[in-house]
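S.K.: sequence unknown, structure follows:
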């Protein structure tokens, strides 16, 4: 996986987790973390609760260890790296966040059309 693709992946995870956490949980804290991928540091600011912070750190560690040069979708991966309970939790979070983010984009587009 290229550094650009890794950065896109971590930003996608960040957006999904923050959307889910802000709508479902309380007591979010802002933290700056640094991830390293192929000797390149990536700084990211997260505003998440403790539970979601643990989940996203697990996701980041799995992403850093992904053996595929071209990362497939986790659902179609021939050798998944997520353990079953974390995978189910991640799938639930991503479905919720994807719907929420899609609806907000459609709402913005419609308001731009009619304004």
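M.R.: Good, I have the coordinates. Since the model is a prediction, treat every value here as computed from it, not as a measurement.

S.K.: Find the nearest non-adjacent residue to residue 15, please.
M.R.: What sits nearest to residue 15 in space, not counting adjacent residues and going by Cβ to Cβ, 6 or more residues apart in numbering, is residue 101, at 6.9 Å. In this view, the C-beta of every residue, glycine as well, is placed from N, C-alpha and C.

S.K.: buried stuff in whichever strand or helix holds that neighbour?
M.R.: Following DSSP states H and E, one finds residue 101 within helix 84-114. Across helix 84-114, burial judged by 16 or more other Cβ atoms under 10 Å covers 90, 93-94, 97.

S.K.: secondary structure class for residue 41?
M.R.: strand (DSSP: H, G, I helix; E, B strand; the rest coil).

S.K.: show me what contacts it?
M.R.: Residue 41 makes contact with 34-35 under the criterion Cβ atoms under 8 Å, 6 or more residues apart in numbering.

S.K.: Would you agree residue 14 is in contact with residue 57?
M.R.: No: if you go by Cβ atoms under 8 Å, residue 14 and residue 57 don't touch, sitting 11.9 Å apart.

S.K.: which of these two has more neighbours?
M.R.: Using other Cβ atoms under 10 Å as the criterion, residue 14 and residue 57 rank with residue 14 on top: 18 against 14.

S.K.: The more buried one and residue 76: what is the separation?
M.R.: Distance of residue 14 to residue 76, computed by Cβ to Cβ, to the nearest Å: 23 Å.

S.K.: next one: residue 5
M.R.: Distance from residue 5 to residue 76, by Cβ to Cβ: 16 Å.

S.K.: do the same with residue 95
M.R.: For residue 95 relative to residue 76 (Cβ to Cβ), the value is 16 Å.

S.K.: Quick check, pLDDT for the residue nearest to residue 15.
M.R.: Note on residue 101: pLDDT of 84.

S.K.: Would you check how far apart it and residue 42 are?
M.R.: Residue 101 is 22 Å from residue 42, where distance means Cβ to Cβ.

S.K.: try residue 71
M.R.: 16 Å.

S.K.: Quick one: residues contacting the residue nearest to the spatial centre of the chain.
M.R.: Per Cα atoms, centre = their mean, the C-alpha nearest to the average position across the chain is that of residue 13, at 1.0 Å. By Cβ under 8 Å, 6+ apart, residue 13 lies in contact with 56, 59-60, 63.
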